[in-house]
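# model this:
(one chain, ligands or ions: 1)
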Amino acid sequence: MTLLSPGRPVASLSLDLDNLWSYKKTRGDPDWVSLPSYLPVVVPRLLDVFGAAEVTATVFVVGTDADRDRDEGVLAAIPAAGHEVANHSFSHEPWLHLYEPGRLVEELARTEEALVATTGVHPTGFRGPGYSLSEPLLRELARRGYVYDASTLPTWIGPLARAYYFRSAGLSAEDRRQRSALFGSARDGLRPLAPYTWDLGTDGRLLEIPVTTAPVSRIPFHLSYVLHLYGIAPRLAWGWFDAATRLCRRTGLGPSVLLHPLDLLGADDAPGLEFFPGMTLTASAKVAVVGRALRLLRERFTLVPVGEHARRLLSAPASLSVHGPGQLPHGAEAAGRRRPPPAGARPAPPSPGAPRAPGPPG
Ligand SMILES: [Zn+2]
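This next block holds a predicted model:
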């Protein structure tokens, strides 16, 4: 069966390869420093699931794991199976938007170097941990020749996710301050849903491919949300995914759909993360739901990795709206503040805005 039927919008599939240690780190669990990992379990599993569904995807890899993989050799199987490898930062800190420019360069460069060493791939796509993003980061991505960023999640539900997270995590006051933007603000629901172009002036342009939320309601429908709902009301969960993807198709929007490792792992595979939404389901139940979802996406869309989605979008650049980065945070110097748009600038887009992070998990 071909994936290239011309009548279907092009859509993309990605997985953020967040590791056990990175969840523990964001949660403030001190034993993250020993870097506990489930990658030897989840990488073969995700490749099996993608292979069974006959899909290829982008895997956003954390540089710390790529660096360690020089000894372990788990990650090379990802490009060998035809999937794209992209950059998910080195340290996986959802407060990346607070970094000084020098630290941003280090985060990107160390990850690129480790990915080349372990997978042979020099990445051209980036997604911020917890969807964190800043103007200096976009500029550095453009200067380094990246083709796309995929760090935005246009939804209004971030504060709800943050409240859930803070309630379940043992964070100090300082931890909470650092994570005060975690999962974003309600304003993120005003961000563009369709891909668009960042105009970065002398630094060039960069394509933004948002993680798609449902048209109109702007509620996420990526698999972490579907599985959380599935653990409570399976028919409702499936109905939501079916309706959201159907609405994308009707509105001509090719969604960019996101997966996380926990979408394929049971509680036994990820000790210490039992509190996460969806962790009451067994691994086999999750694999069945994800496989069904991938098959549905293939029926409705031409499903490709994010880099290929970007390439196809850039083949018709006039169809992309253009936005300046004026509403984005400006790093440590301006943390917590927003720079007003320059005089004469076009009105702020329905706006790529504040630092923010995803719903469950990041
Ligand atoms: Zn992540």
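# ok, the residue of the stretch 201-350 of the chain found nearest the ion - contacts?
Nearest residue of the stretch 201-350 of the chain to the ion, counting by CB to the ion: residue 260, 7.5 Å away. Just so you know, the C-beta spots here come from the backbone N, C-alpha and C atoms, and that holds for glycine as well. Neighbour list for residue 260: 15-16, 18, 223-224, 361 [criterion: CB atoms under 8 Å, 6 or more residues apart in numbering].
# Model confidence score at the residue in the stretch 101-250 of the chain positioned nearest to the ion, please.
For the stretch 101-250 of the chain, the residue closest to the ion is residue 129, as judged by CB to the ion, at 4.6 Å. Note on residue 129: pLDDT of 94.
# just for the stretch 251-362 of the chain, where's the confidence low?
331-362 (pLDDT under 70).
# Which residue ranges of it form helices?
Secondary structure of the stretch 251-362 of the chain (DSSP state H, counting those that start in this stretch): helices at 283-300, 306-314.
# Tell me which strands the longest strand anywhere in the chain pairs with, and in which orientation.
Identified as the longest strand of the chain according to DSSP state E is strand 10-16. In the sheet, strand 10-16 lines up against strand 58-61 (parallel), strand 256-259 (parallel), strand 302-305 (parallel) (DSSP bridges).
# Adding mean neighbour count as columns, could you present those in a markdown table?
As requested, the strands paired with strand 10-16 are arranged in a markdown table below (neighbours: other CB atoms under 10 Å):
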| stretch | mean neighbour count |
| --- | --- |
| strand 58-61 | 28 |
| strand 256-259 | 25 |
| strand 302-305 | 23 |
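# between those strands, which gets nearest to residue 45?
strand 256-259 (11.5 Å; CB to CB).
# Show residues contacting that closest one.
By CB under 8 Å, 6+ apart, strand 256-259 touches 11-16, 46, 57, 150, 195, 209-212, 221-224, 290, 297, 306, 309, 358.
# Run through those residues and flag the ones next to the ion.
When contact is defined as CB under 5 Å from the ion, those meet the ion at residue 16.
# Close to the ion: what parts of the stretch 101-250 of the chain are there?
Residues of the stretch 101-250 of the chain lying near the ion (CB under 5 Å from the ion): residue 129.
# got the residue ranges for the helices in the stretch 101-250 of the chain?
101-119, 135-143, 158-168, 173-178, 223-230, 234-250.
# In stretch 41-59, which residues are buried?
Using 16 or more other CB atoms under 10 Å as the test for burial, stretch 41-59 gives 41-43, 45-47, 49-50, 53, 55-59.
# Any figure for the gap between the closest residue to residue 273 other than its chain neighbours and residue 137?
Excluding its sequence neighbours, the residue lying closest to residue 273 (CB to CB, 6 or more residues apart in numbering) is residue 23, at 5.7 Å. Taking CB to CB, to the nearest Å as the measure, residue 23 falls 22 Å from residue 137.
# Equivalent analysis for residue 247, please.
With distances taken as CB to CB, residue 247 is found 31 Å from residue 137.
# Neighbour count for those two, which is higher?
residue 137 (26 against 16; other CB atoms under 10 Å).
# so what's the more buried one up against?
The contact partners of residue 137, by CB under 8 Å, 6+ apart, come to 96-97, 99, 104, 128.
# Who wins on neighbours among the residues you listed?
Neighbour max across these (other CB under 10 Å) = residue 128, 30 neighbours.
# Quick one: residues contacting that residue.
Contacts of residue 128 (CB under 8 Å, 6+ apart): 88-89, 94, 96-97, 137, 149, 151.
# next one: residue 22
Here residue 22 is in contact with 32, 62, 64, 92, 129 (CB under 8 Å, 6+ apart).
# Now secondary structure too, for the residues you listed, in TSV please.
TSV is the format used below for these (DSSP: H, G, I helix; E, B strand; the rest coil):
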residue	secondary structure
32	helix
62	coil
64	helix
92	coil
129	helix
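# quick one on the thing from earlier: now render the strands paired with strand 10-16 as CSV, adding distance to residue 124.
Shown next, in CSV, are those (distance: least, CB to CB, whole Å):
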stretch, distance to residue 124
strand 58-61, 10
strand 256-259, 16
strand 302-305, 11
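# hang on, the earlier thing: and the angle for whichever helix or strand comes after the longest strand of the chain with strand 10-16?
Counting by DSSP states H and E, the next helix or strand C-terminal to strand 10-16 is helix 20-27. Inter-element angle recorded for helix 20-27 and strand 10-16: 80 degrees (by axes from the mean of the first three to the mean of the last three CA atoms, to 10 degrees).
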